Structures are given as structure tokens and as C-alpha cells.
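Engineer: sharing a sequence plus its predicted fold:
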Amino acid sequence: MSARKIKTTRRDFIKTTSGAVLGTTVLPESVFAHGLNIEQIIEPAGPVSKYVPTIKATFVRRKEDYGMWWPGAIYDGNAALKKYTSELRKNANELGIKIDIRSMPIYSIDEADQWLAKAKAEKPDGLVVVLLDRQQHAWPTAIKAIKSKIPSVIFAPVGSAFTTNTMQIPDKTGSFICSTDDFNQVTYGMKMIKAGAKLRETRFIVIKGDKRFNSEIKPFGTKLRYIPAKTFIDEYNRTPLSSEIENIASEYIQHATKVSGPSKQDVLNGVKSYVVIRNILKREKGDGITMDCLGALANSKISLPCIAWSWMNDHGIPAACEADLGACLTHALVQYLFDRPGFQQDPVPETAKDCLIGAHCTCATKLNGFDQPAEPYYLSHHHGNRDAVPRTMWRVGQRMTLADIVIDQKGDKQPEMIISSGVVVDNVAVPPAGGCVVSVMVKLDGVTDYLDYPGFHQIFFYGDYKKQLINYCTLFGIKPVVL
């Protein structure tokens with residue numbers, strides 16, 4: 001670890017690095033596409049990597065002609081059935097979901113009961129009920145599906161619902177009701193079902209303490225595998241410098257706008273932490289990672305895993321700081337639902353500008369999406385004036401969302417999700433300000449008192465997804481705390 005202050009340009013840094021560390025040749029910019037692992041692809045290795053979510057789907061209508069009753073004789077139910085069947089299969093294929101569509105529509109309440117009894121026995125991850133009718137057993141079937149305790153997406157295209165139908169559902173928990181002709185709503189509903197299943201099947205490796213044991217996060221079912229912090233320390237100390245570490249370090253340097261603080265050895269040490277974590281993740285069959293980093297490493301010369309966490313979140317591996325289980329869940333959910341990484345942060349009130357500053361020393365760069373170009377970043381020291389961290393520059397004016405799953409460790413209370421949306425206002429310069437070096441200032445919609453803003457380690461991420469998160473909460477029985 002080097003605490004020596006260094007300020008240099010990226011070109012100067014690459015020049016000094018190439019001779020001392022990377023050999024006589026600097027790898028050209030074209031070799032690298034930031035976000036691609038040069039040597040090995042990092043992938044989930046736990047239960048979620050092998051799990052295929054399942055959905056059972058059905059259509060509901062009368063067997064006889066529609067006649068004068070809504071949706072009326074003008075509605076072509078056969079064409080709709082054919083169209084929506086094709087859409088369901090297409091969605092399932094694109095989402096990697098196994099779908100079982102009932103061969104014939106449900107024509108009676110007895111058929112509805114039989115279908116639901118079979119669904120309960122088979123335990124799919126979710127149901128999709130497409131209403132091609134408003135009459136008789138149509139909405140009673142939808143209500144029975146919701147009461148089945150299997151997450152249920154109810155699609156009521158225009159002509160199959162009045163408000164008198166939808167308002168008769170007193171408790172919509174466990175459902176996502178789409179009263180629209182926009183089938184994208186059903187697509188999102190299916191993606192929510194998939195995300196809930198993935199969250200249940202995900203195994204986080206928790207590097208903390210001195211004991212090894214397995215546990216889970218109730219009521220989500222998310223798996224936890226605790227391993228002693230010494231596991232990381234020992235493996236770090238015996239891991240040699242490799243060409244892979246050199247190449248990834250070079251990629252970070254190549255794409256940084258500048259290097260301000262860390263030495264070339266700091267960057268190599270940070271990337272080494274990534275390689276160690278990746279090996280542990282594979283060996284322990286994990287899908288995500290978290291670590292009591294300050295507790296385990298603060299008093300050592302081993303690099304904190306700030307670069308490792310940034311790299312993993314950029315590659316779709318949920319990586320949370322400080323062994324925070326709520327942050328683990330929220331990181332994973334944001335990735336599974338919105339195909340992008342989030343930023344776990346310490347909330348700081350800014351009273352002069354009525355804003356919230358999110359501050360931490362690690363942040364992903366692929367904020368626009370895993371398959372999108374990275375945001376600009378430069379290499380800085382951790383706020384402890386040590387190690388190397390990528391300081392990502394958030395786009396000012398960008399719409400953003402805040403999410404924070406709050407759990408009761410015993411699993412006795414209903415989980416909550418704090419939800420806000422807003423806009424990025426500034427990237428606070430640290431230094432001269434103190435605190436964590438990635439400090440993103442946001443103004444949240446409708447929030448006036450930031451001194452009392454609830455939660456900690458909330459996740460910031462690009463895009464305005466407040467409504468979608470509320471829908472997810474309803475579907476999976478989480479209490480939304482919307483601010």
C-alpha cells in the first residue's frame with residue numbers, strides 16, 4: 001500500500017507503468033473494450049447460474065360467442081389468443097424462462113380450480129392469466145390466481161376490464177394487474193417473476209468473521225455462505241502477480257481520464273483482490289459477493305476490494321460492501337430487473353441545495369447498462385488515502401432511482417423497500433471535500449427534508465424506475481416506502 005500523494009496524467013502513468021510493470025509494450029486502446037475480462041469471463045457459479053424460472057400461463061373466456069356482453073361481438077378473441085400466445089412464447093424465449101401455456105382457454109370456474117390446483121402442486125415461479133373476457137368466471141379466476149400465493153401477472157386487454165372489476169380485489173399483494181393493450185407490461189411482469197426467482201436462488205458468499213456456515217435471508221430465500229475473512233487474506237497473500245492482473249490493470253489505466261493519487265502498484269493490488277475474489281466465488285459456488293472489508297482489512301496492507309467490486313458489478317455479479325445483506329439484495333434486484341449495476345452509498349444531507357449526496361469508495365462504470373459504454377472515470381485513492389479506486393463521473397441531469405431493501409434479520413417482519421426517484425445534480429469533488437471519493441449529489445422528487453431521509457447504503461442507479469419497483473413490491477409482498 002502506498003500513501004504517497006501522486007498526481008499525473010493518464011499518458012504519463014501508462015508510460016511509467018509500461019516499463020516497470022507491463023513490459024516494453026503498452027497495449028493499444030483498441031485491444032480493450034472496458035467491461036470485458038481479458039483473460040477469464042466472470043460468471044455466477046452458484047444455484048442461480050443453473051436455475052431456469054418456470055411460468056404457467058392460461059387464457060380465460062366464455063366458450064360461447066361474446067354477443068352483446070363486453071368485450072362484445074366486435075372483438076376477435078381467436079386472433080387475440082393467437083397473438084398473445086406468440087408474444088408469451090417470444091418473451092419466455094428471450095428471458096430464458098420455461099413457459100407452460102394451457103392448450104385451451106379456461107371456460108369455467110371448475111376448470112380454473114383444476115388448473116390452479118395443478119399449479120400449486122407443480123410450484124412454478126409465477127402465473128400469467130390473460131383475460132379475453134370480462135364476464136362470468138373471468139375476474140373470479142384472476143382473483144383465485146392472486147389468492148394462490150403464486151406471484152400472478154393478470155393481463156386484461158382493453159375490453160376485458162372495468163374499474164368495477166379491478167376495484168373488487170381488496171388486497172392486490174401477489175399480483176401485477178395490467179389493464180392495457182400494451183403487452184410490454186406483461187413482458188415486465190414476466191421479468192419480475194424471473195427476478196424474484198433469481199433472488200431466491202442466488203447464493204451470496206459473505207466474507208466475515210472466523211466461522212464457516214450457511215444461512216439464508218428470510219423471506220426472500222436468498223442463500224448465504226459465510227466464510228472466514230482469513231480465507232481471503234491467505235489467498236491474497238499467496239496469489240502471485242500474473243499477466244491477467246497486469247492486463248486488467250492496464251485496461252483500467254488505459255480508460256481512466258487521469259490518475260490522481262494511487263501508484264501503479266496500488267492498481268495492481270486492487271486488481272489482485274478481484275482475481276482472489278473471483279476464485280473464491282467459483283470455488284464456493286457463489287452468485288454474488290459481500291465482505292466485511294473494513295473490519296477485515298482496514299488495519300492491514302492488503303488492498304480493499306474497491307476495484308474488485310466495481311469490476312464485478314460491471315459484469316453482472318452483485319457485489320456489496322461491508323457485509324450489508326440489504327445492500328446485497330438491492331444490488332441483485334437492480335441487476336436482475338434493469339440490466340445495470342447500482343451504486344451502494346452512505347447518504348449525506350446537503351441542506352443548502354436541498355439534495356442528498358451518496359458517498360462511497362467503489363462504483364461501477366457501466367451505469368447505462370451492462371451492454372452499454374462505460375461512464376468516464378479516473379483513478380483515485382480510497383478516502384483512507386490508500387489503495388486505488390475508480391471514481392465514476394455520473395452524468396449531470398440524468399434521471400435516477402434510489403432503492404433500499406430493509407430486512408428484519410429474524411424474518412419476522414414484512415420487508416420494506418425505500419423508493420425515490422430524482423435527478424443527478426453534481427459530482428462532489430473529494431478532496432477538497434472529505435468523505436468517500438465517489439460522491440454523487442442528487443435531488444429527489446418531492447423530498448424536502450433530507451436530514452431525516454431513511455435508510456443507509458441505499459442503491460442509486462440510472463433511470464426513473466419508481467413505478468416499476470412499486471409494482472415489484474406488490475407482486476412479492478414487500479412494503480413500499482415511497483418518498
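Structural biologist: Noted; the coordinates are in hand.
Engineer: mind listing what Thr474 touches?
Structural biologist: When contacts are counted by CB atoms under 8 Å, 6 or more residues apart in numbering, Thr474 touches 172-176, 480. To be clear about C-beta, it is placed using only N, CA and C from the backbone, and glycine gets the same treatment.
Engineer: correction: the previous question concerned Ser215.
Structural biologist: Shown in contact with Ser215 (CB under 8 Å, 6+ apart): 223-224, 226.
Engineer: and if we set it to 6 Å?
Structural biologist: Ser215 makes contact with Leu224, according to CB atoms under 6 Å, 6 or more residues apart in numbering.
Engineer: buried ones among the contacts of Thr474?
Structural biologist: Among the contacts of Thr474, those classed as buried by 16 or more other CB atoms under 10 Å are 173-176, 480.
Engineer: from these, which ones fall inside strands?
Structural biologist: 175-176, 480 (DSSP state E).
Engineer: and the gap between Ile106 and Val129?
Structural biologist: According to CB to CB, to the nearest Å, Ile106 and Val129 sit 9 Å apart.
Engineer: which residues in the stretch 201-350 of the chain form strands?
Structural biologist: 203-207, 213-217, 222-227, 258-260, 288-291, 319-321, 343-344, 346-350 (DSSP state E, counting those that start in this stretch).
Engineer: among the ones you listed, which is nearest Phe476?
Structural biologist: Among the strands of the stretch 201-350 of the chain, strand 222-227 comes nearest to Phe476, with 12.3 Å by CB to CB.
Engineer: strands paired with that closest one, and their directions?
Structural biologist: strand 203-207 (parallel), strand 213-217 (antiparallel) (DSSP bridges).
Engineer: centre of the chain to that strand, how far?
Structural biologist: How far strand 222-227 lies from its chain's middle: 18 Å, per CA atoms, centre = their mean, to the nearest Å.
Engineer: buried deepest among the strands paired with strand 222-227, which one?
Structural biologist: Highest mean neighbour count of the strands paired with strand 222-227: strand 203-207, a mean of 26 (counted as mean count of other CB atoms under 10 Å).
Engineer: extract the CA atoms of that strand and return them as CSV.
Structural biologist: C-alpha atoms of strand 203-207 as CSV (Å, rounded to 0.1, in the frame of the first residue of the first chain):
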residue,chain,number,x,y,z
ARG,A,203,-26.1,-17.5,-3.2
PHE,A,204,-24.0,-14.7,-1.7
ILE,A,205,-20.6,-15.5,-0.4
VAL,A,206,-20.2,-13.5,2.8
ILE,A,207,-16.5,-13.0,3.8
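Engineer: pLDDT on that strand, on average?
Structural biologist: The pLDDT scores in strand 203-207 average 98.
Engineer: what segments of the chain are helices?
Structural biologist: For the chain, the helices defined by DSSP state H cover 10-20, 77-95, 109-122, 138-147, 163-166, 184-201, 229-238, 243-255, 264-283, 293-297, 306-314, 325-338, 466-476.
Engineer: what residues sit buried inside the third one?
Structural biologist: Of the residues in helix 109-122, those buried under the neighbour-count criterion (16+ other CB under 10 Å) are 111-112, 115-116, 119.
Engineer: do I have it right that Glu284 meets Ile205?
Structural biologist: Yes - shown here, Glu284 and Ile205 form a contact pair, counting by CB atoms under 6 Å, at 5.0 Å.
Engineer: what about stretch 421-433, start to end distance?
Structural biologist: Using CA to CA, to the nearest Å, the end-to-end distance of stretch 421-433 comes to 25 Å.
Engineer: ok, residues contacting it?
Structural biologist: Identification of contacts with stretch 421-433 by CB under 6 Å, 6+ apart yields 355, 357, 393-394, 396, 398-401, 437, 439, 441-445, 464, 466.
Engineer: hmm, try it at 7 Å
Structural biologist: 355, 357, 393-401, 436-437, 439-445, 464, 466 (CB atoms under 7 Å, 6 or more residues apart in numbering).
Engineer: for PyMOL, write the selection for the buried entries among the residues you listed.
Structural biologist: The following PyMOL line selects those of the contacts of stretch 421-433 that are buried, judged by 16+ other CB under 10 Å:
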select buried, resi 355+357+393+394+398+399+400+401+436+437+439+440+441+442+443+444+466
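Engineer: which strand of the chain spans the most residues?
Structural biologist: Per DSSP E, the chain has its longest strand at strand 416-427.
Engineer: nearest to Asp324, of the ones in strands among the buried ones among the contacts of Thr474?
Structural biologist: Among those, and counting by CB to CB, the member closest to Asp324 is Pro480, at 20.2 Å.
Engineer: tell me how far that closest one lies from Gln468.
Structural biologist: Distance from Pro480 to Gln468, counting by CB to CB: 11 Å.
Engineer: ditto for Lys353
Structural biologist: 28 Å.
Engineer: what do you get for Gly369?
Structural biologist: Separation of Gly369 from Gln468 (CB to CB) stands at 15 Å.
Engineer: compare those two (neighbour count), which wins?
Structural biologist: Counted by other CB atoms under 10 Å, Gly369 and Gln468 do not tie: Gln468 has more neighbours, with 17 against 13.
Engineer: next up, the contacts around that one.
Structural biologist: 188, 337.
Engineer: how far off centre is stretch 106-122?
Structural biologist: With CA atoms, centre = their mean, you get 34 Å for stretch 106-122.
Engineer: for it, which outside residues touch it?
Structural biologist: 56, 58-60, 62-63, 102, 127, 137, 140-141, 144-145, 148, 150.
Engineer: now, these that are in strands?
Structural biologist: Short answer: the contacts of stretch 106-122 in strands (DSSP E) are 56, 58-60, 127.
Engineer: most neighbours of all those, which one?
Structural biologist: Result: Val60 is most packed of the ones in strands among the contacts of stretch 106-122 (other CB under 10 Å), 29 neighbours.
Engineer: let me see the contact set for that residue.
Structural biologist: Val60 sits next to 105-106, 129, 131-133, 138, 141 when contact means CB under 7 Å, 6+ apart.
Engineer: for Leu131, see how far away it is.
Structural biologist: 5 Å.
Engineer: overlap of the contact sets of those two?
Structural biologist: Ala138.
Engineer: so what's Gly477 closest to, chain neighbours aside?
Structural biologist: Once flanking residues are discounted, Gly477 sits nearest to Thr173: 5.2 Å by CB to CB, 6 or more residues apart in numbering.
Engineer: hmm, back to that, let me have the ones in strands among the buried ones among the contacts of Thr474 in CSV, extended by distance to Met312.
Structural biologist: Listed next are those as CSV, based on distance: CB to CB, whole Å:
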residue, distance to Met312
Ser175, 34
Phe176, 30
Pro480, 28
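Engineer: and which of those residues is nearest to His383?
Structural biologist: Closest approach between those and His383, by CB to CB: Pro480, at 32.5 Å.
Engineer: for Gly174, report the pLDDT, please.
Structural biologist: Reported pLDDT for Gly174: 97.
Engineer: ok, now which ones touch it?
Structural biologist: Gly174 neighbours (CB under 7 Å, 6+ apart): 146, 149, 151-152, 475, 477.
Engineer: Met291 touches Pro305, doesn't it?
Structural biologist: Yes - counting by CB atoms under 7 Å, Met291 touches Pro305, with 6.1 Å between them.
Engineer: just the contacts of Thr474 now: which is nearest Lys191?
Structural biologist: Nearest to Lys191 among the contacts of Thr474 is Phe176, at 10.5 Å by CB to CB.
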